[in-house]
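Q: Fold the following.
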Amino acid sequence: MTSAATPRAEWDRYRGRLEKYFDRTAFDAWKTLTTDAPVSGIRATVRAGRTAMRDMLLAWLPGDMTGLRLLDAGCGTGALAVEAALRGAHVTAIDISAQLVGIARERAPADLNGGRIDWGVGDMLDPELGEFDHVVAMDSLIHYPQADIVATVAALGRRTRRSIEFTFAPRTPALTILHNVGKLLPRADRAPAIIPAGEASLRAAFATALPGWGQPRCERVSGGFYKSQALELVRP
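A: Numbers count the residues shown, from 1 in each chain. All right, here's what the predicted structure looks like:
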């Protein structure tokens with residue numbers, strides 16, 4: 001990351017693995033998952049869970065976003081960015097996967113009802129992206145250790161005027177077992193690990209990292225093979 005507690009080299013190492021995974025290994029699967037095309041039962045639960053999470057995060061944002069800037073940090077194929085733009089937002093949608101951003105550009109409607117999307121491939125922490133009213137990071141930090149999540153969100157907080165919404169993998173017994181089993185697989189066979197984090201420890205960490213920020217909502221979406229939890233942080 002950008003702080004002494006989280007060296008830049010470590011952040012880049014995780015990003016490199018994720019970029020390779022989403023741009024090469026799993027690109028076709030994610031392209032299909034984010035359409036209405038038939039998928040397996042397991043992937044159908046992931047699709048439904050992601051849709052429910054996206055709808056919840058959008059519900060936490062203002063209904064009218066005219067004149068507001070939103071950072072969609074880890075935009076994937078762009079579904080959330082498009083919905084925010086249709087509310088009038090100026091969205092900066094960034095992802096490390098050039099392939100997924102390419103799909104997002106192709107799928108986005110020409111008429112965004114007065115909104116705007118600037119698509120980009122790169123690092124969500126790039127200071128050149130500027131300042132924002134709201135930041136959303138849906139399932140883009142779940143592959144990082146808790147310390148990295150806190151450092152990343154705190155860095156974004158310094159450039160955020162209103163709120164940050166991000167998701168993390170809740171520390172449940174099932175996810176903890178899957179994470180530990182995944183470590184036993186040959187490296188070449190592994191998808192990037194989802195690293196569980198605890199709600200209480202995250203809340204305590206952000207009370208220190210972003211003092212004074214409110215934590216009004218923390219909700220979980222769980223169904224089938226999709227389990228993710230969203231935390232909202234609000235600037236005082």
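
Q: Check the burial of Glu235 by counting its neighbours.
A: Wrong residue type there; residue 235 is Arg, not Glu. The criterion is other CB atoms under 10 Å. On that basis, Arg235 has 14 neighbouring residues. Every C-beta, even on glycine, is put in place using the N, C-alpha and C of the backbone.

Q: Surely it and Arg162 touch.
A: Yes: between Arg235 and Arg162 a contact is recorded at 5.9 Å, counting by CB atoms under 8 Å.

Q: Wasn't Ala81 part of a strand?
A: No: the assignment for Ala81 is helix, going by DSSP: H, G, I helix; E, B strand; the rest coil, so no strand is present there.

Q: Run through the residues that contact it.
A: Taking CB atoms under 8 Å, 6 or more residues apart in numbering, we find Ala81 in contact with 70, 72, 75, 91, 93, 104, 108, 117.

Q: what about the longest helix seen in the chain, distance to the chain center?
A: In the chain, with assignment by DSSP state H, the single longest helix is helix 41-60. Distance, stretch centre to chain centre, for helix 41-60: 13 Å (CA atoms, centre = their mean, to the nearest Å).

Q: Using PDB, write down the CA coordinates of the helix or strand just after that helix.
A: Of the helices and strands lying after helix 41-60 in sequence (DSSP states H and E), the nearest is strand 69-73. Written as PDB, here are the backbone C-alpha positions of strand 69-73 (Å, rounded to 0.1, in the frame of the first residue of the first chain):
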ATOM      1  CA  ARG A  69     -18.400  11.900  -7.700                       C
ATOM      2  CA  LEU A  70     -18.300   8.200  -7.000                       C
ATOM      3  CA  LEU A  71     -15.300   5.900  -7.100                       C
ATOM      4  CA  ASP A  72     -16.200   2.400  -8.000                       C
ATOM      5  CA  ALA A  73     -13.100   0.700  -6.800                       C
END
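
Q: Let me know the angle separating strand 69-73 from helix 41-60.
A: Counting by axes from the mean of the first three to the mean of the last three CA atoms, to 10 degrees, strand 69-73 lies at 160 degrees to helix 41-60.

Q: I'd like the mean pLDDT over strand 69-73, please.
A: For strand 69-73, mean pLDDT is 99.

Q: Neighbouring strands - and their directions - for it?
A: The pairing partners recorded for strand 69-73 under DSSP bridges are strand 90-95 (parallel), strand 132-137 (parallel).

Q: so can I have TSV of these showing distance to Pro170?
A: What follows is these, written out as TSV (distance: least, CB to CB, whole Å):
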stretch	distance to Pro170
strand 90-95	23
strand 132-137	16
